[in-house]
Structure formats: C-alpha cells, structure tokens
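In: heads up, no residue letters with this:
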C-alpha cells in the first residue's frame with residue numbers, strides 16, 4: 001500500500017514538473033500581447049528578462065522570437081541575430097504553429113535590410129511554405145509585401161505588382177488599414193518605377209482618400225512629388241516635395257525627402273539649396289543608394305563652385321559606395337530563385353508520387369507479371385520526360401537571367417554616357433578619350449582584372465571560366481575582348497579600352513581564332529555565342 005502510494009506521488013510530481021516546464025511564463029505572454037499595440041512596453045519587459053533564466057528550451061526560443069519581432073515593430077536593427085538563429089533552430093525541430101514561419105520571415109528581413117536579396121528571397125519562400133495557419137493574414141501580407149519590394153528593386157515590376165496586390169488583399173482581411181495603405185502606395189510605385197508616370201499619378205490620386213493620418217498623407221504626397229519629378233513636371237514636383245518636408249515620418253523618410261529635394265534643386269540650378277539638402281540628408285539614417293546619390297549631388301555642387309578639393313573628397317565616397325552597390329546589383333534575381341524553388345517543390349512531389357506508384361506496382365505484380373512490366377516501362381518514360389522537361393526549363397531560365405543581366409549593364413552604360421554627354425561635348429579628342437576611359441572604369445573596373453572577370457562570369461554565363469579552362473593559351477586582353485564584344489560595346493570603345501589600333505585588333509582576332517581552333521576571325525561570333533548559350 002505504502003509502496004503504491006509512493007509511486008503515485010512520484011508520478012504526480014513528474015506531471016506537475018512537465019506542465020511547469022512547458023507552460024509559457026506570464027511575462028512572455030504579457031510581452032507577446034503588447035507587441036502590436038504597445039511595442040515600447042513589450043521591449044521594456046523583454047529587456048529586463050534574460051533567456052538564460054528559462055530552463056525550458058521552448059521558452060528561450062519564444063523569448064528570442066518575441067525580441068526580434070518587437071525590434072522589427074520598433075523599426076530597430078534585428079540584432080543580435082544569434083538570438084533569432086537559436087529560435088529558428090528550435091522551431092525547425094519542434095513545430096509550433098506559425099512561429100517557424102515567423103522565424104523564417106524575420107531571418108529573411110534581416111538579409112533584406114543588409115541588401116543580401118538572394119538569401120532573403122530563399123527565406124521568404126521558406127516562410128510561405130512553413131505557414132500552417134492560413135488565416136494569419138498579417139504574416140502572409142508581410143511576406144508578400146517584402147517579396148514585392150525586392151522584385152521592385154530588381155525591376156521585375158509585374159511580379160512586384162502581383163505580390164503587392166496579394167499583400168493588400170491579406171491586409172484587408174486582417175483589418176490592418178495602415179499596412180493595406182502602404183501596399184497600395186507600393187503598387188503605385190511599381191508604375192512609377194516602370195516609367196508609366198500617367199498611370200502612377202492616376203493611381204495615387206484615386207487613393208488619396210485611403211490616407212487616414214498625416215504620416216500616410218506625407219508618404220502619398222512624397223510619392224506624387226517623385227512621380228512629377230521623373231515625368232519632368234518640375235513645378236508640380238517642387239510643390240509636393242517642399243510640402244512634405246515638415247510632415248511626420250518614419251524610419252529614413254526624412255533623409256529621402258531631403259535627397260529628392262536636393263536633386264530637384266540641382267536640376268533647377270539652385271546649387272546652394274541642392275548642397276544644403278543633400279548634406280542634411282546624410283545626417284539621417286538611410287540606405288546605401290541614397291547615401292551614394294547625395295555624395296553625387298555634393299560632388300557636382302563643389303565642381304560647379306570650383307572647390308576641387310571638396311569635390312575630390314565627395315567623389316571618393318561616391319565611388320566607394322558605387323563599388324558596394326555593384327556587388328548588390330550582381331545578385332541573382334528573386335524571380336529566378338522563386339522559379340527554382342517552385343521547380344524543386346514540383347520535383348519533390350513527383351518523386352513522392354513515383355514512390356507511391358512503385359508501391360502499387362509491387363502489389364500488382366503478385367496478380368499479373370504482364371501488367372507489372374507495362375506499368376514499369378510507362379513509369380520510366382514519364383520520369384525521363386519529366387527530367388528532360390526540367391532540364392530544358394532550367395536552361396531557359398538561366399538564359400533569361402543572363403540576358404537580363406546584360407541588358408542591365410547596357411542600360412548602365414547608356415546612362416553613364418548621358419551623364420557625361422555635356423562634359424564630352426566640351427572636351428577635345430584626348431579629353432573625350434579620358435572621360436570614356438574613366439566612365440568604363442567606373443562601370444567595369446577593367447584595371448581590377450579579378451573583379452572584372454568575376455563580374456563577366458556572372459553576366460555572361462561563366463564565359464571567362466569556360467575560356468580559361470578550355471583554352472589556357474588565351475591571354476588576358478583576348479578574354480577581355482571576348483567579354484566586351486559580347487556586351488555589344490562599340491568597336492571604337494573596345495579599341496580605346498584595350499589599347500588597340502585597327503590593324504592590331506585585326507591581328508589579335510586572327511590569333512584568337514587560331515588559338516580556339518577556328519578557320520578564321522569571321523567565325524568568332526558564332527563560336528562565342530555558342531559558348532555563351534552552353
């Protein structure tokens with residue numbers, strides 16, 4: 001009797017201990033309930049706690065997720081990232097509602113803020129896959145909104161618009177007027193970025209009634225001012241951009257407003273005002289694009305004022321940021337990553353179906369050998385067809401990405417030429433050559449051979465690696481000529497960049513053809529295009 005009673009008490013104590021370990025502490029419940037409505041209070045509670053105080057791994061994981069979620073709500077840096085990684089690791093092995101999806105989302109957002117769009121897109125797609133509660137409309141809206149923002153940055157405007165429409169629909173169902181408004185605002189921005197200024201302006205005008213407070217009104221008027229500016233309606237642009245300067249704002253909006261007003265004043269030849277607003281913009285937290293453009297404006301202002309020492313200082317900072325942005329632009333587009341992700345899921349489903357089919361065939365074999373043989377052959381044919389289709393689609397996507405990369409580079413070249421058009425017109429022949437050399441150096445960094453060839457590998461489907469591997473006799477200038485030729489750089493510019501004359505260029509092409517075992521230089525175009533398509 002006593003023995004049985006002792007076992008009962010041991011069992012009861014164990015159950016109580018397990019329940020105690022799994023129960024969410026009241027302070028974490030309190031913090032979680034305050035994140036959306038009173039994030040300051042939630043942050044105060046969490047900062048006065050320590051994850052180490054919790055014995056339960058589940059409570060430590062929840063603490064990390066709540067801290068990151070609160071920091072994001074407060075628009076603060078998502079650090080320490082190790083806290084989020086710990087929570088993510090736990091929820092990957094312990095499914096807990098939508099918390100795994102939330103961890104993926106904030107991990108993606110941390111990469112997005114650091115301009116690592118490839119990694120960000122992979123985690124956004126994982127977040128979408130992990131969402132268990134399909135009625136968590138706010139989380140679904142945020143994922144779609146962020147993916148739309150990346151597509152918009154990467155100039156995939158139709159895909160971006162689709163994601164923003166999805167986000168808006170989710171936010172409406174979540175009854176979140178604020179988020180729904182910004183989703184509409186960014187739909188308008190996709191028209192603006194695509195240079196459909198008339199449609200963008202109509203869209204903004206139709207949604208003025210959706211702005212419910214001065215912050216939202218300021219954001220909308222700012223977008224309208226930018227749209228007028230890019231459509232060359234400078235008076236209207238000045239009216240709106242000056243109007244929103246004193247509107248309340250969030251995050252880096254004050255820096256953006258100063259920058260665009262500085263740009264407008266520079267176009268209006270009001271150099272002092274342009275420099276002042278560009279300088280003011282750099283005092284606020286902003287992104288690397290705006291920082292670089294502010295230094296561009298300040299460089300040009302100093303040039304017009306004849307202050308060459310100050311101009312050189314700002315120019316150095318502009319070049320440094322341009323180098324960083326070039327690496328950002330070289331990242332794989334999100335549309336490609338999403339396509340590969342979808343294909344991977346389809347292949348996984350196909351494999352699961354194949355396993356099921358083989359199981360059925362094993363049962364059928366007992367009844368009929370003939371049916372088994374017929375079904376096996378059919379399954380093999382379907383598998384080969386699926387694999388062949390997958391490879392063809394993958395090659396097609398790779399080619400599309402390559403051509404888009406090349407188009408982006410050509411657009412940058414044209415833009416640079418337009419920027420230097422006035423300067424070239426005033427210069428003599430030697431001066432024009434120096435301007436062109438400087439322009440191409442800014443774009444391609446030909447003097448940095450490793451960087452240039454690595455970028456050409458990205459743009460031209462590993463062309464440099466293929467040439468170096470298969471034809472080791474080729475020298476650096478010959479490989480560089482192949483890259484510039486495929487980029488459709490004018491022959492005169494290529495001769496300038498590689499220091500060739502007409503006769504020496506002709507001889508180089510003949511030597512190049514011989515090294516790659518062609519009959520003559522006229523076959524180089526076909527050879528390079530075939531190599532590019534592999």
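Out: Happy to help now that I have it. A quick note: this is a predicted structure, and the numbers were derived from the prediction, not measured.
In: residues contacting the nearest residue to residue 134 once chain neighbours are set aside?
Out: Nearest residue to residue 134 in three dimensions, chain neighbours excluded: residue 140, at 7.6 Å (CB to CB, 6 or more residues apart in numbering). Yep, even glycine has a C-beta here, placed from its N, CA and C like the rest. Residue 140 is in contact with 128, 131, 134, 166, 170, counting by CB atoms under 8 Å, 6 or more residues apart in numbering.
In: neighbours of the second one, how many?
Out: The local packing count at residue 131 equals 19, with neighbours defined by other CB atoms under 10 Å.
In: low-confidence ranges in this structure?
Out: 1-22, 250-252, 285-286, 323-336, 342-350, 386-403, 405-406 (pLDDT under 70).
In: now the strands: where do they sit in it?
Out: Counting by DSSP state E, no segments of the chain form strands.
In: center of it - which residue?
Out: Closest to where the C-alpha atoms of the chain average out (CA atoms, centre = their mean) is residue 117, at 3.2 Å.
In: surely that one meets residue 150?
Out: Yes. Residue 117 is within contact range of residue 150, at 5.2 Å (criterion: CB atoms under 8 Å).
In: what's the closest non-adjacent residue to residue 165?
Out: Of all residues not flanking residue 165 in the chain, residue 187 sits nearest, at 6.6 Å (CB to CB, 6+ apart).
In: and the one you found, how close does it get to residue 157?
Out: 10 Å (CB to CB, to the nearest Å).
In: those two: which is more packed in?
Out: Using other CB under 10 Å as the criterion, residue 187 and residue 157 rank with residue 187 on top: 22 against 19.
In: who's in contact with the more buried one?
Out: Residue 187 sits next to 161, 164, 165, 168, 203 when contact means CB under 8 Å, 6+ apart.
In: next up, the contacts around residue 63.
Out: Residue 63 touches 28, 46, 49, 51, 54, 87, counting by CB under 8 Å, 6+ apart.
In: quick check: the residue lying closest to the fifth one once chain neighbours are set aside vs residue 53, distance?
Out: What that stands for is residue 54. Distance criterion CB to CB, 6+ apart; nearest residue to residue 54, sequence neighbours excluded, is residue 60 at 5.0 Å. Going from residue 60 to residue 53 by CB to CB gives 9 Å.
In: more neighbours, the two?
Out: residue 60 (19 against 11).
In: that one contacts residue 91, correct?
Out: No. Counting by CB under 8 Å, residue 60 does not reach residue 91; the two are 11.6 Å apart.
In: in helices only, show me the contacts of residue 63.
Out: Mapping these onto helices (DSSP state H) picks out 28, 46, 87.
In: got a markdown table for those residues, with distance to residue 304 and neighbour count too?
Out: Converted to a markdown table, the ones in helices among the contacts of residue 63 look like this (distance: CB to CB, whole Å; neighbours: other CB atoms under 10 Å):
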| residue | distance to residue 304 | neighbour count |
| --- | --- | --- |
| 28 | 58 | 18 |
| 46 | 51 | 24 |
| 87 | 53 | 26 |
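In: and which of the residues you listed is nearest residue 71?
Out: Closest to residue 71 out of the ones in helices among the contacts of residue 63 is residue 46 (9.2 Å), distances taken as CB to CB.
In: number of residues surrounding residue 124?
Out: Other residues lying near residue 124 total 29 when counted by other CB under 10 Å.
In: I misspoke; the intended subject was residue 512.
Out: Other residues near residue 512 come to 24 when the count uses other CB under 10 Å.
In: and it, what does it touch?
Out: Contacts for residue 512 (CB under 8 Å, 6+ apart) come out as 474, 478, 481, 482, 521, 524.
In: repeat the analysis, applying 7 Å as the threshold.
Out: 478, 524 (CB atoms under 7 Å, 6 or more residues apart in numbering).
In: mind checking how far it is from residue 488?
Out: Distance, residue 512 to residue 488, by CB to CB: 18 Å.
In: please apply the same query to residue 520.
Out: Distance from residue 520 to residue 488, by CB to CB: 22 Å.
In: what's the answer for residue 457, then?
Out: Going from residue 457 to residue 488 by CB to CB gives 18 Å.
In: more neighbours: these two, which one.
Out: Neighbour count, other CB under 10 Å: between residue 457 and residue 488, residue 457 has more, with 17 against 10.
In: number of residues surrounding the closest residue to the more buried one other than its chain neighbours?
Out: Nearest residue to residue 457 in three dimensions, chain neighbours excluded: residue 464, at 5.0 Å (CB to CB, 6+ apart). Using other CB under 10 Å, residue 464 has 21 other residues around it.
In: surely residue 464 touches residue 456?
Out: Yes. Judged on CB atoms under 7 Å, residue 464 makes contact with residue 456 at a distance of 5.2 Å.
In: overlap of the contact sets of the two?
Out: Common neighbours of residue 464 and residue 456 (CB under 7 Å, 6+ apart) are residue 483.
In: in this structure residue 132 contacts residue 98, no?
Out: Yes. Judged on CB under 7 Å, residue 132 makes contact with residue 98 at a distance of 5.8 Å.
In: thinking residue 311 is in contact with residue 299, fair?
Out: Yes. Using CB under 7 Å, residue 311 is in contact with residue 299, at 5.4 Å.
In: in terms of neighbours, single out the busier of these two.
Out: Taking other CB under 10 Å, residue 311 and residue 299 do not tie; residue 299 has more neighbours (21 against 18).
In: so what's the nearest residue to the more buried one once chain neighbours are set aside up against?
Out: Spatial nearest neighbour of residue 299, chain neighbours left out: residue 314 (4.2 Å); criterion: CB to CB, 6+ apart. With CB under 7 Å, 6+ apart as the criterion, the residues that contact residue 314 are 295, 298, 299, 302.
In: if you rank those residues by neighbours, which is first?
Out: Tallying neighbours with other CB under 10 Å puts residue 298 at the head of these, with 26 neighbours.
In: buried residues, stretch 358-367. List them.
Out: Residues residue 361 are the ones in stretch 358-367 that count as buried (16 or more other CB atoms under 10 Å).
In: hmm, who's touching it?
Out: 371, 372, 375, 376.
In: are any of those residues buried, and which?
Out: For the contacts of stretch 358-367, buried by 16+ other CB under 10 Å: 372, 375.
In: mind checking which of the contacts of stretch 358-367 land in helices?
Out: Among these, the ones falling in helices (DSSP H) are 371, 372, 375, 376.
In: could you find the closest non-adjacent residue to the second one?
Out: What that stands for is residue 372. Leaving aside its chain neighbours, residue 372 sits nearest to residue 365 (3.9 Å; criterion: CB to CB, 6+ apart).
In: returning to what we had before: okay, the contacts of residue 140 in JSON lines with distance to residue 449 next?
Out: Shown next, in JSON lines, are the contacts of residue 140 (distance: CB to CB, whole Å):
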{"residue": "128", "distance to residue 449": "41"}
{"residue": "131", "distance to residue 449": "47"}
{"residue": "134", "distance to residue 449": "52"}
{"residue": "166", "distance to residue 449": "45"}
{"residue": "170", "distance to residue 449": "49"}
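In: from those residues, pick the one nearest residue 181.
Out: Using CB to CB, residue 170 is the member of the contacts of residue 140 that lies nearest residue 181, at 13.6 Å.
In: nearest spatial neighbour of the closest one, chain-adjacent residues omitted?
Out: Among residues not flanking residue 170 along the chain, residue 141 sits closest, at 3.5 Å (CB to CB, 6+ apart).
In: circling back: got the ones in helices among the contacts of residue 63 as a markdown table, with distance to residue 440 columns?
Out: Listed next are the ones in helices among the contacts of residue 63 as a markdown table, based on distance: CB to CB, whole Å:
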| residue | distance to residue 440 |
| --- | --- |
| 28 | 57 |
| 46 | 52 |
| 87 | 48 |
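In: wait, which of those residues is closest to residue 320?
Out: residue 87 (35.5 Å).
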